[in-house]
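Peer 1: kindly generate the corresponding structure for this input.
(chains A and B)
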2 protein chains.
Amino acid sequence: MRLPEAWIISVGNELLNGRIVNTNLSWLAKRLTIDGYLVRGAITVRDECEDIAWAFNTALKMGASLIISTGGLGPTFDDKTSECLSKALGKRHVLNEEALEMVRAKYKEKDLPMTDHRIKMAKMPEGAKPLRNDVGTAPGIMVEENKTLIIVLPGVPAEMKSIFELIEPLLRERAPPLHFVSKDLLVRGIPESSAAPLIERVMKRLHVYIKSHPSGHEVRRPILRINVVSSSLDRDEALKNVDDAIEMLKDLISKEGGEIEGVEDAW
Amino acid sequence: MRLPEAWIISVGNELLNGRIVNTNLSWLAKRLTIDGYLVRGAITVRDECEDIAWAFNTALKMGASLIISTGGLGPTFDDKTSECLSKALGKRHVLNEEALEMVRAKYKEKDLPMTDHRIKMAKMPEGAKPLRNDVGTAPGIMVEENKTLIIVLPGVPAEMKSIFELIEPLLRERAPPLHFVSKDLLVRGIPESSAAPLIERVMKRLHVYIKSHPSGHEVRRPILRINVVSSSLDRDEALKNVDDAIEMLKDLISKEGGEIEGVEDAW
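Peer 2: Next up, the predicted model:
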């Protein structure tokens, strides 16, 4: 089955100088995979308008059905994602009245006035829809470009997750209702290079994707975590595919002298 | 000063289905920044030849001085980085004798024969140089394309780090000997949107880059970690820039009602 393809764009110098590990990416990638998308690629760029616009245009050119970005929505000078997305789309960057109301309501709580830096958070590409931010201040942004849905989220993880969950039902509607089953087979005593041809045999026979993750030492003390994944519109079918593949792997690996340590549910 | 630009390419389905958090990226980004590079962008792709070749070509087109990739160097069917890099460069994918010796020596330890899956790890673009892997089996790859140095590393973090450290002196030679100073000013009680214009004033005055990282709640309980960075060929100059900026920020923020919590050395 051909899944809709998603691209994830991460914006922020802190991701490219090693200050921050990008946990937003893995969180979104997992959720989108479960929601029925193939996450085809991810791009990380600095807080530079040219690079941010390039990232959106690149994902559009690659035929993304869905683009989700994180970062660069706040009130500071280096929060440029909204403005640069407008540039990328060739749309005017305008004050959105609905967004302005959202931002105003946040500051009203403490009677803080609307300053330029606060109003900035309500500007977005013309025709975009603001997404309510229940955790922080800056609204997210949703905009369609031809057949691509673009969702712009803040970089603060709690805010990103909260807005994502608001729009997740809409994302699910646009993807097939797939069920994923993922299990890990843990084995010892067989080098990854010896398991490789066995894995290929199982993948040729059954509708599964198998990937081995080595640890230990390939020759002296090989340890493998072999991840077996299947997806289907029918959960029982996906489960049967994975279980059959694991039984076949156990058999083949034992015959090659590997020890089976166990099976774990995995993501 | 114009720094040489680096791009980091991460290869692996596990990074795009959320199974793995990409700590290789943040580790490399930090080391390259310290080594005098501007990490301009990062691209993550699946184990698909077309996408891997696209990622290398994209970084080349963006004018990278250095491209470092991680992942896809092992013995399994889905380890395709070397072959797809050859395609991207329009070079023949050939058995490298020096690499073959490296791989053979690893398996000789246990008298394991050379199989197709093991020989595969010694194939690389014509003219490439293998990089010794002291931790695992698959050698890294170094190849020059016009003025771009391309370094291909395994995805297993311990192997990636070990090979990176072998070639780090060479990478440093190709970049200016910059000193970085990075400190965090911790403040409470001032919304990020109120700190934003103050930060802009300091950045206009001094040779520093300042980025605020909010936590808490913008209106009800604002907490900011304000990172101030400066780099220079002269360490004392970088340190003075950062310290001057922090003093100026402390003063401006206190006047706006923010409480100064402290200063920390930061990356």
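Peer 1: from here on, contacts and neighbour counts on C-alpha atoms
Peer 2: Noted.
Peer 1: all helices of chain A, in order?
Peer 2: A:13-16, A:23-34, A:49-61, A:81-89, A:97-108, A:116-119, A:157-173, A:192-205, A:235-255 (DSSP state H).
Peer 1: hmm, stretch A:72-92 touching chain B?
Peer 2: Yes - judged by C-alpha under 8 Å from any C-alpha of the partner chain, stretch A:72-92 comes into contact with chain B through A:74-78.
Peer 1: mind putting the residues you listed into a markdown table with distance to A:Asp265, pLDDT and neighbour count?
Peer 2: Below are those laid out as a markdown table (distance: C-alpha to C-alpha, whole Å; pLDDT from 0 to 100; neighbours: other C-alpha atoms under 10 Å in any protein chain shown):
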| residue | distance to A:Asp265 | pLDDT | neighbour count |
| --- | --- | --- | --- |
| A:Gly74 | 39 | 94 | 28 |
| A:Pro75 | 42 | 95 | 25 |
| A:Thr76 | 43 | 94 | 23 |
| A:Phe77 | 45 | 92 | 16 |
| A:Asp78 | 42 | 94 | 20 |
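Peer 1: tell me the confidence at A:Gly12?
Peer 2: Looking at A:Gly12, its pLDDT reads 97.
Peer 1: wait, what's in contact with it?
Peer 2: Contact partners of A:Gly12, counting by C-alpha atoms under 8 Å, 6 or more residues apart in numbering or on different chains, are A:44-47, A:71-72.
Peer 1: check A:Tyr209 too.
Peer 2: A:Tyr209 sits next to A:203, A:228-230 when contact means C-alpha under 8 Å, 6+ apart.
Peer 1: and it, bridged to which residues?
Peer 2: Beta-bridge pairing of A:Tyr209 under DSSP bridges involves A:Val229.
Peer 1: next one: A:Ile68
Peer 2: Residues in beta-bridge contact with A:Ile68 (DSSP bridges): A:Ile8, A:Ile151.
Peer 1: can you pull the residues of the stretch 151-267 of chain A lying near chain B?
Peer 2: A:156, A:192-194, A:196-197, A:200, A:211-212, A:214-215, A:217-220, A:267.
Peer 1: of those, buried ones?
Peer 2: Taking 16 or more other C-alpha atoms under 10 Å in any protein chain shown as the criterion, what is buried in these is A:156, A:192-194, A:196-197, A:200, A:211-212, A:214-215, A:217-219, A:267.
Peer 1: can you redo the contacts of A:Tyr209 as CSV with pLDDT, neighbour count and distance to A:Val181?
Peer 2: Output for those, formatted as CSV (pLDDT from 0 to 100; neighbours: other C-alpha atoms under 10 Å in any protein chain shown; distance: C-alpha to C-alpha, whole Å):
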residue, pLDDT, neighbour count, distance to A:Val181
A:Met203, 95, 15, 15
A:Val228, 97, 26, 8
A:Val229, 94, 23, 6
A:Ser230, 95, 24, 5
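Peer 1: tell me how far A:Glu165 lies from chain B.
Peer 2: A:Glu165 sits 17 Å away from chain B, taking C-alpha to the nearest C-alpha, to the nearest Å as the criterion.
Peer 1: ok, now A:Gly41?
Peer 2: With distances taken as C-alpha to the nearest C-alpha, A:Gly41 is found 5 Å from chain B.
Peer 1: how many neighbouring residues does that residue have?
Peer 2: 27 (other C-alpha atoms under 10 Å in any protein chain shown).
Peer 1: make sure it is actually in contact with B:Arg46.
Peer 2: Yes - using C-alpha atoms under 8 Å, A:Gly41 is in contact with B:Arg46, at 6.9 Å.
Peer 1: from the contacts of A:Gly12, pick the one nearest A:Leu185.
Peer 2: Within the contacts of A:Gly12, the smallest distance to A:Leu185 is 32.6 Å, found for A:Thr44 (C-alpha to C-alpha).
Peer 1: what bridges to that closest one?
Peer 2: A:Ser10, B:Ala42.
Peer 1: and it, what does it touch?
Peer 2: Applying C-alpha under 8 Å, 6+ apart, the residues contacting A:Thr44 are A:9-12, A:15-16, A:55, B:41-43.
Peer 1: so what sits against both of A:Gly41 and B:Arg46?
Peer 2: B:Leu16.
Peer 1: how is chain A divided into domains?
Peer 2: A:5-173, A:179-265 (automatic domain parsing).
Peer 1: from start to finish, how long is the shortest one in a straight line?
Peer 2: When you say that, I think you mean domain A:179-265. Using C-alpha to C-alpha, to the nearest Å, one end of domain A:179-265 lies 14 Å from the other.
Peer 1: ok, the longest one next?
Peer 2: Terminal residues of domain A:5-173 lie 14 Å apart, using C-alpha to C-alpha.
Peer 1: so how far is B:Arg19 from A:Gly36?
Peer 2: 16 Å.
Peer 1: and those two? which has more neighbours close in?
Peer 2: Shown here are A:Gly36 and B:Arg19; by other C-alpha under 10 Å, A:Gly36 has more neighbours (24 against 15).
Peer 1: quick one, what contacts the more buried one?
Peer 2: By C-alpha under 8 Å, 6+ apart, the contact set of A:Gly36 is A:3-4, A:172, A:175-178.
Peer 1: buried deepest among the domains of chain A, which one?
Peer 2: Ranked by mean neighbour count under mean count of other C-alpha atoms under 10 Å in any protein chain shown, those are led by domain A:5-173, which reaches a mean of 20.
Peer 1: what's the offset of that domain from the middle of its chain?
Peer 2: 13 Å (C-alpha atoms, centre = their mean, to the nearest Å).
Peer 1: ditto for stretch A:235-242
Peer 2: Here stretch A:235-242 is found 24 Å from its chain centre; the criterion is C-alpha atoms, centre = their mean.
Peer 1: what does it rub up against?
Peer 2: Stretch A:235-242 has contacts (C-alpha under 8 Å, 6+ apart) with A:179-183, A:206-208, A:228-232.
Peer 1: adding distance to A:Trp27, write those out as TSV.
Peer 2: Below are those laid out as TSV (distance: C-alpha to C-alpha, whole Å):
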residue	distance to A:Trp27
A:His179	18
A:Phe180	16
A:Val181	18
A:Ser182	17
A:Lys183	19
A:Leu206	29
A:His207	26
A:Val208	23
A:Val228	20
A:Val229	18
A:Ser230	20
A:Ser231	19
A:Ser232	22
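Peer 1: now for the residues you listed: which two are most distant?
Peer 2: The most widely separated members of those, counting by C-alpha to C-alpha, are A:His179 and A:Leu206 (16.7 Å).
Peer 1: picking that back up, got the domains of chain A as TSV, with distance to B:Asp51 columns?
Peer 2: Below are the domains of chain A laid out as TSV (distance: least, C-alpha to C-alpha, whole Å):
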stretch	distance to B:Asp51
domain A:5-173	8
domain A:179-265	18
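Peer 1: contacting residues for the residue nearest in space to the middle of chain A?
Peer 2: Among the residues of chain A, A:Ala29 comes closest to the average C-alpha position under C-alpha atoms, centre = their mean, at 2.4 Å. Counting by C-alpha under 8 Å, 6+ apart, A:Ala29 makes contact with A:8, A:39, B:15-18.
Peer 1: and the pLDDT for it?
Peer 2: 98.
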